[in-house]
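Chemist: Please work out how this folds:
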Amino acid sequence: MEERHDHHRRPARALAATALAALLGTAACGDPAPAASAAGRQSAPSPSASAPQKSAPQKSTPQAGETLPAPDQKIPGDPARLAAALKETSAALDAAIDAWPKTGKPPRDVELLALHQQRVYRYTARHPELAARAFARLPSGLAAEAKDNTAAIRELLSLAHPIKPSATFKVQPAPPAAELLGHFKKAERRFGVEWEVLAAVMFAETKFGRVKSDSHVGAQGPMQFMPGTWKAYGMGGDVQDPRDAVMGAANYLRASGAPRDYRRALYAYNHSRAYVNAILLHARQMKRDPRNYYAYYNWQVFVITTAGERRLTGP
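Modeler: Have a look, this model is predicted:
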């Protein structure tokens, strides 16, 4: 959880500190009226733009006796070793996701590999020179993915500041990945907002519903709606229900300019260009390879405190 400085919001869109602290800088969906315009930085292409598909490399699941990464395994500080770790982890994670039937709780190999991947990218986001040297050693497809994930995390970390170690947060298991995917795709069919964008928003806001706490200003649910916004766009649903929350978010984004202008719509959702960039980068990775949705689904909730970083969920 990283709590964020509120430099980019209008007063009515007060900081949702509790949920924000839960992730890499999350946000509350604020004003009932969509923003009229938003001038956004163009460094992160829209997920609606065409992007090369990541080819599916030939991989195999870990063999018997192979060691999975421990939850606290040290991240290499050498470019060659870091590149090798990322390449091996990503390949093993893709293979484990392919083998997972996507029903029920994720298998332990998926959880551990996804957590290690997440920790690698959190590390590269904080060490840009090392990241650049490591990524230069990767195949082009994985290098592009690594750059996007690192940039997205770095954008959100740029909005963060440590919270007190005494801060408390309610967390819970995420709904099943297949169930959430069904909600995202149903909302896409109804409102025309790409499911990858909706998934990226829930991912950034509450790590797919793992963060249960309301914000100190009253933002609620897995998509973090302010009450006034929910009343206007929630269509009478339950803000805590994942299906209703996704539908409300799609309704709000559509009213704010999506799918024609995702930057404008996402800026209405959260008045931060860094947030907009991060959402579009993560959405682009899910469009390139749907397995990235399942990888992100298994990324966990971290909190940055004045006493250091700690993880609140996961193995």
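Chemist: Pull the residues that contact stretch 132-151.
Modeler: Contact with stretch 132-151 is made by 44, 52, 54-55, 79-80, 82-83, 86-87, 90, 121, 124-125, 128, 131, 277-278, 281-282, 284-285, 288-289, 292, as judged by CB atoms under 8 Å, 6 or more residues apart in numbering. To be clear about C-beta, it is placed using only N, CA and C from the backbone, and glycine gets the same treatment.
Chemist: now those: which count as buried?
Modeler: Neighbour-count burial (16 or more other CB atoms under 10 Å) applied to those gives 44, 54, 79, 82-83, 86-87, 90, 121, 124-125, 131, 277-278, 281-282, 284-285, 288-289, 292.
Chemist: The contacts of stretch 132-151 in helices, which ones?
Modeler: Counting by DSSP state H, the part of the contacts of stretch 132-151 found in helices is 79-80, 82-83, 86-87, 90, 121, 124-125, 128, 131, 277-278, 281-282, 284-285, 288, 292.
Chemist: Poorly predicted segments of the stretch 201-315 of the chain, please.
Modeler: For the stretch 201-315 of the chain, residues meeting the criterion pLDDT under 70 lie at 215-217.
Chemist: mind listing the helices in it by residue range?
Modeler: According to DSSP state H, counting those that start in this stretch, the stretch 201-315 of the chain carries its helices in the segments 227-233, 242-255, 262-269, 273-288, 291-297.
Chemist: what sits against the closest residue to Pro259 other than its chain neighbours?
Modeler: With sequence-adjacent residues excluded and distances taken as CB to CB, 6 or more residues apart in numbering, Pro259 is closest to Gly192, at 5.1 Å. Residues in contact with Gly192 (CB under 8 Å, 6+ apart) are 254, 258-259.
Chemist: I'd like the residues you listed laid out as TSV, including neighbour count and distance to Lys186.
Modeler: Output for the contacts of Gly192, formatted as TSV (neighbours: other CB atoms under 10 Å; distance: CB to CB, whole Å):
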residue	neighbour count	distance to Lys186
Arg254	19	14
Ala258	25	16
Pro259	17	16
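Chemist: Identify, from these, the entry nearest to Phe169.
Modeler: Proximity to Phe169 was ranked across the contacts of Gly192 by CB to CB; first place goes to Ala258, at 29.7 Å.
Chemist: List the residues that contact the closest one.
Modeler: Ala258 neighbours (CB under 8 Å, 6+ apart): 191-193, 197, 265-266.
Chemist: do the same with Leu82
Modeler: With contacts defined as CB under 8 Å, 6+ apart, Leu82 is in contact with 75-76, 120, 124, 130, 134.
Chemist: so where's the stretch 51-200 of the chain uncertain?
Modeler: Using pLDDT under 70, the stretch 51-200 of the chain drops low at 51-66.
Chemist: Try it again at 90.
Modeler: For the stretch 51-200 of the chain, the stretches flagged by pLDDT under 90 are 51-66, 103-104, 157-169.
Chemist: can you tell me how far the residue nearest to Pro259 sits from Pro128?
Modeler: Distance, Gly192 to Pro128, by CB to CB, to the nearest Å: 36 Å.
Chemist: One more: Ala152?
Modeler: In terms of CB to CB, Ala152 sits 14 Å off from Pro128.
Chemist: ok, now Arg190?
Modeler: For Arg190, the distance to Pro128 - CB to CB - is 40 Å.
Chemist: Assess the claim that Leu312 and Thr305 are in contact.
Modeler: No. Using CB atoms under 8 Å, Leu312 makes no contact with Thr305, being 11.0 Å away.
Chemist: Mind listing the shared neighbours of these two?
Modeler: Both Leu312 and Thr305 lack any common contact, where contact means CB under 8 Å, 6+ apart.
Chemist: Show me the strands in the stretch 101-250 of the chain, by range?
Modeler: Using DSSP state E, counting those that start in this stretch, the strands of the stretch 101-250 of the chain run over 160-161.
Chemist: picking up where we left off before, any chance of the contacts of Ala258 in JSON lines, with distance to Asp94 too?
Modeler: Formatted as JSON lines, those follow (distance: CB to CB, whole Å):
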{"residue": "Phe191", "distance to Asp94": "30"}
{"residue": "Gly192", "distance to Asp94": "30"}
{"residue": "Val193", "distance to Asp94": "27"}
{"residue": "Val197", "distance to Asp94": "22"}
{"residue": "Ala265", "distance to Asp94": "31"}
{"residue": "Leu266", "distance to Asp94": "28"}
